[in-house]
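S.K.: here's a sequence, model it:
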Amino acid sequence: MGIFPPCSSLEMLEKLLGSVCGKTREEPKTEERKIRGTVLLMKKNVMEMTDVGASFLDRVHEIVGKGVTLQLISASHADPANGSRGKLGKEAYLEHWVTKFTSLSAKDDAMFNITFDWDESMGVPGAFIIRNHHHSQFYLKKVTLEDVPGHGQLQFVCNSWVYPAHRYKNDRVFFAYKTYLPCNTPEPLRAYREDELTNLRGDGSGTLKEWDRVYDYALYNDLGSPEKGQEYARPVLGDSKEFPYPRRGRTGREPNEKDPNSESQLPLLNLNIYVPRDERFSHVKFLDFIGYSFKSLGQVLIPEIEAVFDETINEFDNFQDVHKLYEGGIKLPDGHALKNTRECLPWESFKNLLHLDGGRPLQFPTPDIIKNDRTAWRTDEEFGREMLAGVNPVIIRRLQEFPPASKLDPKVYGNQNSSLTRDQIEKNMNGLTVEEVFRH
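M.R.: Below is the predicted model of the structure:
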């Protein structure tokens, strides 16, 4: 009896019969359930409108069976056949992409339903793989799963651009909205986490494209233009005894044709500098940038054109020349008329060109200090405040003796002792004497 583990006589009989006649009862089947969820995303846009052409091509791809799929990954059960990674569920497609018409405004999100077939024996999902087989990219904001067995609602906050699957070397993986220390990461998800970190670090080779997600560093080797001549060449900053720092984001552009140690530069007005897609300006911020760029261009061009006809070019003849930078020009009307006009404009970037406060679009904004009083900046109090509000506090010291004496070598710098007298400063000290000030 010591050979067999302890068990009841009924179990022993069942095992004996099973070894002779086969299984005597069915193994319990795992129950497969439906998990319903929603996917919130923003479609590809141009300026402030949804890209209609891209949206049409996405629908064509959807019709021919190339949709957007999600595949859940178990956080509690590993698959030995897949390197002990979390077990994968069945792929599920976003529903009704073709028939669901979304807003043409880029700021409006689109929500799609999705239904997963999920085996309860696989536990709770902790991540998912998404594959975009459409023509165009989209901005994935959030995935919400309802009634997950043993958990309830489960959210995945993504906030990332997802490009077509053929653009990536590896699958895009998103993890549940739950943070872990590395040592506490569920074992079935650990390999996925490590792969994600490897993808973000990159391999240090190749030109990086807009769909890449590499956060890598390089030396400052693109400061000069050696192709124009040796006098335009610049030393490489970083990784040397003389210039150990700094670093810049790696772009992987082609080397300069004259100097292989330098990276080629982009044209001056080219904005296609590689930045990881999720770190680039959103369409709203980018349009603000464009709008304020036009404002700044007008603010600079008008004074420059006026300076051409001035006898003293690029100089202020008087304070009135300074005030003209903030005053004059075309003053927009106040009131509801301007507000209504602004609201009728289709793009936010155009709206930003009009000030609701009745300002002047082509003038610099008036500094607060001279809005109410043009001479306020000339007072001793304001001068002192500005001195203390800038970088000066790091070099300002309390006066320890009077008149101030210099510690500089007079043989090198000459006599640097102050020539200030009591009479010159005590009249501005509200009746106090120098000795009284030192005592306080």
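S.K.: contacting residues around the nearest residue to Arg277 once chain neighbours are set aside?
M.R.: Among residues not flanking Arg277 along the chain, Trp161 sits closest, at 4.6 Å (CB to CB, 6 or more residues apart in numbering). Just so you know, the C-beta spots here come from the backbone N, C-alpha and C atoms, and that holds for glycine as well. Applying CB atoms under 8 Å, 6 or more residues apart in numbering, we find Trp161 in contact with 137-140, 211, 277-278.
S.K.: what's the average pLDDT for the helix or strand hosting Trp161?
M.R.: Trp161 is part of strand 152-162 when elements are defined by DSSP states H and E. The pLDDT scores in strand 152-162 average 95.
S.K.: hmm, who's touching the next helix or strand after that strand?
M.R.: Using DSSP H and E, the helix or strand that follows strand 152-162 in sequence is strand 172-175. Contacts of strand 172-175 with the rest of the structure, by CB under 8 Å, 6+ apart, involve 73, 126-132, 140, 143, 156, 158, 160, 162, 189, 192-193, 195-196.
S.K.: rerun that using 6 Å as the cut-off
M.R.: 127-130, 156, 158, 162, 192, 196 (CB atoms under 6 Å, 6 or more residues apart in numbering).
S.K.: after that strand, next one along is what?
M.R.: Taking DSSP H and E, what comes next after strand 172-175 is helix 187-201.
S.K.: other SSEs contacting that following helix?
M.R.: Packing partners of helix 187-201 (3 or more CB pairs under 6 Å, 6 or more residues apart in numbering; DSSP states H and E): strand 68-79, strand 85-88, strand 125-132.
S.K.: got a list of what Ser160 touches?
M.R.: Ser160 sits in contact with 140, 278, where contact means CB under 6 Å, 6+ apart.
S.K.: beta partners of it?
M.R.: Leu140 (DSSP bridges).
S.K.: for Arg190, see how far away it is.
M.R.: 21 Å (CB to CB, to the nearest Å).
S.K.: now Asn221
M.R.: 37 Å.
S.K.: who's more crowded, these two?
M.R.: Legend: neighbour count by other CB atoms under 10 Å for Asn221 and Arg190, higher for Asn221 (19 against 16).
S.K.: which residues of the stretch 251-400 of the chain score low on pLDDT?
M.R.: Applying pLDDT under 70 to the stretch 251-400 of the chain picks out residues 299, 328-363, 392-394.
S.K.: in it, which spans are helices?
M.R.: With helices called from DSSP state H, counting those that start in this stretch, the stretch 251-400 of the chain shows them at 283-308, 319-323, 336-344, 348-351, 380-389.
S.K.: next one: the second one to chain centre, how far?
M.R.: Computed by CA atoms, centre = their mean, to the nearest Å, the separation of helix 319-323 from the middle of its chain amounts to 40 Å.
S.K.: and stretch 38-45, by the same measure?
M.R.: The answer for stretch 38-45 is 18 Å, by CA atoms, centre = their mean.
S.K.: would you mark the buried spots in it?
M.R.: Residues of stretch 38-45 classed as buried: 39-45 (neighbour count, 16 or more other CB atoms under 10 Å).
S.K.: could you do stretch 77-89 as well?
M.R.: Residues of stretch 77-89 classed as buried: 78, 85-89 (neighbour count, 16+ other CB under 10 Å).
S.K.: among the residues you listed, which one sits closest to Glu227?
M.R.: Arg85 (49.1 Å; CB to CB).
S.K.: tell me, how many residues neighbour the residue lying closest to the closest one once chain neighbours are set aside?
M.R.: Excluding its sequence neighbours, the residue lying closest to Arg85 (CB to CB, 6+ apart) is Ala191, at 4.9 Å. For Ala191, the neighbour count with other CB under 10 Å is 16.
S.K.: what's the answer for the one 10 residues further on, then?
M.R.: By the measure other CB under 10 Å, the count of residues near Arg201 is 11.
S.K.: try Glu327
M.R.: 14.
S.K.: got it, and Phe174?
M.R.: Phe174, neighbours per other CB under 10 Å, totals 22.
S.K.: swap in Tyr139?
M.R.: 21.
S.K.: got it, and Phe289?
M.R.: Neighbours around Phe289, by other CB under 10 Å: 12.
S.K.: contacting residues around it?
M.R.: By CB under 6 Å, 6+ apart, no residues touch Phe289.
S.K.: mind listing what Glu257 touches?
M.R.: Glu257 makes contact with Glu227, according to CB under 6 Å, 6+ apart.
S.K.: now Ile370: how far from Glu381?
M.R.: Distance check for Ile370 against Glu381: by CB to CB, it reads 15 Å.
S.K.: specify which residue of the two has the higher count of neighbours.
M.R.: More crowded of Ile370 and Glu381, by other CB under 10 Å: Ile370, with 14 against 8.
S.K.: hmm, Ser418 is touching Pro404, no?
M.R.: Yes. Between Ser418 and Pro404 there is a contact under CB atoms under 6 Å: 4.3 Å.
S.K.: quick check: neighbours shared by these two?
M.R.: With CB under 6 Å, 6+ apart as the test, Ser418 and Pro404 reach no residue in common.
S.K.: in the strand holding Trp161, which residues are buried?
M.R.: Those would be 154, 156, 158, 161-162, for strand 152-162 by 16+ other CB under 10 Å.
S.K.: any stretches of the stretch 101-250 of the chain with poor pLDDT?
M.R.: Using pLDDT under 70, the stretch 101-250 of the chain drops low at 106-107.
S.K.: try it again at 50.
M.R.: The stretch 101-250 of the chain contains no residues with pLDDT under 50.
S.K.: could you check how far the residue most central in space within the chain is from Pro164?
M.R.: Nearest to the mean C-alpha position of the chain, counting by CA atoms, centre = their mean, stands Glu279 at 3.1 Å. For Glu279, the distance to Pro164 equals 20 Å [CB to CB].
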